[in-house]
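Colleague: please work out how this folds:
(one chain, ligands or ions: 1)
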Amino acid sequence: MRELDGASNQLVRLNGVAVARGRRTLVSGIDLSIARGEIVTLIGPNGSGKSTTAKVVTGVLRASRGQVWRKPGLRIGYVPQKLSIDWTLPLTVERLVTLTAAFAPHEVEAALRAVGAAHLKRAAVQDLSGGEFQRVLFARAMIRKPDLLVLDEPVQGVDFAGEIALYELIREIRDTTGCGILMISHDLHVVMAETDTVLCLNGHVCCRGTPDTVKASPEYRQLFGARAAETLAIYQHDHSHDHGHHHHEHAEVDADVR
Ligand SMILES: Nc1ncnc2c1ncn2[C@@H]1O[C@H](COP(=O)(O)OP(=O)(O)OP(=O)(O)O)[C@@H](O)[C@H]1O
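Modeller: Presented below is the predicted three-dimensional model:
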């Protein structure tokens, strides 16, 4: 039986982590934990250590100092910021999903269905829109049934309505699978309201908390300026809405900042 107390729900924990390259410290003093069903978002300016921190979480990078604990057998699904694809070669969606591991056709179909991309199975990857491509990358990560999903800038190259739809999808994935989610957001303007914890990085953890507390914190304002704090919009999910339609009507986002 699965234990549900707090400690056993933890997927990964970083204590006082630092990463150094030569004489340069890229990040230091990082404390961070992600539990099942929890959404953690990393924000910060370019070069502030978001990717470095995410790489320590996934185990691609080793910490130079501090402790890293991962739940034994932790399965991680990773949605990269960019994927190097030889765009000159024809590649179907179903082939992309199974490129690095073999899955049965019904598994591929289920994964694509879960992200609303079942109809794209035989489509050429080259022909997909930005939002469709992101969904396919989600399917590729989810087919491994990860405990932890790491999303590097999930809404990049996606228009505003598509962005809202992707946040909906992320929430749905969390609700249906119970996985933990670590998200890197280069877009400071929109942070999912469902985010349990925002970590604002600048080589170290500047401030942390719910999206609302981070937005109001002096450290965040100092780092990004008062104007940025005012334009940090938090996408709110309206639970009463009709799924699949009119997502944008429920977004409380200041259109001026987009
Ligand atoms: N392998 C490396 N060797 C040396 N320096 C590195 C290496 N990887 C990253 N850095 C440096 O570490 C710092 C943090 O980089 P990182 O990619 O984690 O930032 P980021 O917050 O994800 O940035 P961005 O928003 O631009 O993607 C940067 O100054 C970067 O130049």
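Colleague: neighbours of residue 157, how many?
Modeller: The tally of other residues near residue 157 (other C-beta atoms under 10 Å) stands at 14. Quick note: C-beta positions are derived from backbone N, CA and C, even for glycine.
Colleague: what's the helix or strand for it?
Modeller: If you go by DSSP states H and E, residue 157 is not part of any helix or strand.
Colleague: contacting residues for the nearest residue to it once chain neighbours are set aside?
Modeller: Among residues not flanking residue 157 along the chain, residue 130 sits closest, at 3.9 Å (C-beta to C-beta, 6 or more residues apart in numbering). Each residue near residue 130 by C-beta atoms under 8 Å, 6 or more residues apart in numbering is listed here: 156-159, 162.
Colleague: nearest to residue 38 among those residues?
Modeller: residue 156 (22.8 Å; C-beta to C-beta).
Colleague: next one: that closest one relative to residue 44, how far apart?
Modeller: Distance, residue 156 to residue 44, using C-beta to C-beta, to the nearest Å: 16 Å.
Colleague: out of these two, which sits in the busier spot?
Modeller: Ranked by neighbour count (other C-beta under 10 Å), residue 156 and residue 44 place residue 44 first, with 25 against 15.
Colleague: that one touches residue 50, doesn't it?
Modeller: Yes: between residue 44 and residue 50 there is a contact under C-beta atoms under 8 Å: 5.4 Å.
Colleague: now do the shared contacts for the two.
Modeller: Residues within reach of residue 44 and of residue 50 at once, by C-beta under 8 Å, 6+ apart, are residue 201.
Colleague: export stretch 113-122 to PDB, keeping only CA atoms.
Modeller: Output in PDB follows, covering the C-alpha atoms of stretch 113-122 (Å, rounded to 0.1, in the frame of the first residue of the first chain):
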ATOM      1  CA  ARG A 113      -4.900  10.900 -26.600                       C
ATOM      2  CA  ALA A 114      -4.000  12.100 -23.100                       C
ATOM      3  CA  VAL A 115      -2.600  15.300 -24.500                       C
ATOM      4  CA  GLY A 116      -5.300  15.800 -27.100                       C
ATOM      5  CA  ALA A 117      -3.100  14.900 -30.000                       C
ATOM      6  CA  ALA A 118      -4.500  11.500 -31.100                       C
ATOM      7  CA  HIS A 119      -5.500  12.900 -34.500                       C
ATOM      8  CA  LEU A 120      -1.900  13.800 -35.200                       C
ATOM      9  CA  LYS A 121      -0.400  10.300 -34.900                       C
ATOM     10  CA  ARG A 122       0.500  10.100 -38.600                       C
END
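Colleague: what's that stretch in contact with?
Modeller: The contact list for stretch 113-122, computed with C-beta under 8 Å, 6+ apart, reads 92-94, 108-109, 112, 128, 132, 135-136, 138-139, 142, 169, 173, 176, 244.
Colleague: list buried residues within those residues.
Modeller: Buried by 16 or more other C-beta atoms under 10 Å: 93-94, 108-109, 112, 128, 132, 135-136, 138-139, 142, 169, 173, out of those.
Colleague: between the residues you listed, which is closest to the ligand?
Modeller: Proximity of these to the ligand (C-beta to the nearest ligand atom) peaks at residue 138, which lies at 20.0 Å.
Colleague: so what's the closest one closest to, chain neighbours aside?
Modeller: Distances taken as C-beta to C-beta, 6+ apart place residue 115 nearest to residue 138, at 4.8 Å, with adjacent residues excluded.
Colleague: distance check, the one you found against residue 48.
Modeller: Relative to residue 48, and taking C-beta to C-beta, residue 115 is found at 30 Å.
Colleague: the contacts of stretch 113-122 in helices, which ones?
Modeller: Among these, the members found in helices (DSSP state H) are 93-94, 108-109, 112, 132, 135-136, 138-139, 142, 169, 173, 176.
Colleague: for the stretch 51-200 of the chain, which segments count as strands?
Modeller: 65-70, 76-79, 148-152, 180-184, 190-192, 197-201 (DSSP state E, counting those that start in this stretch).
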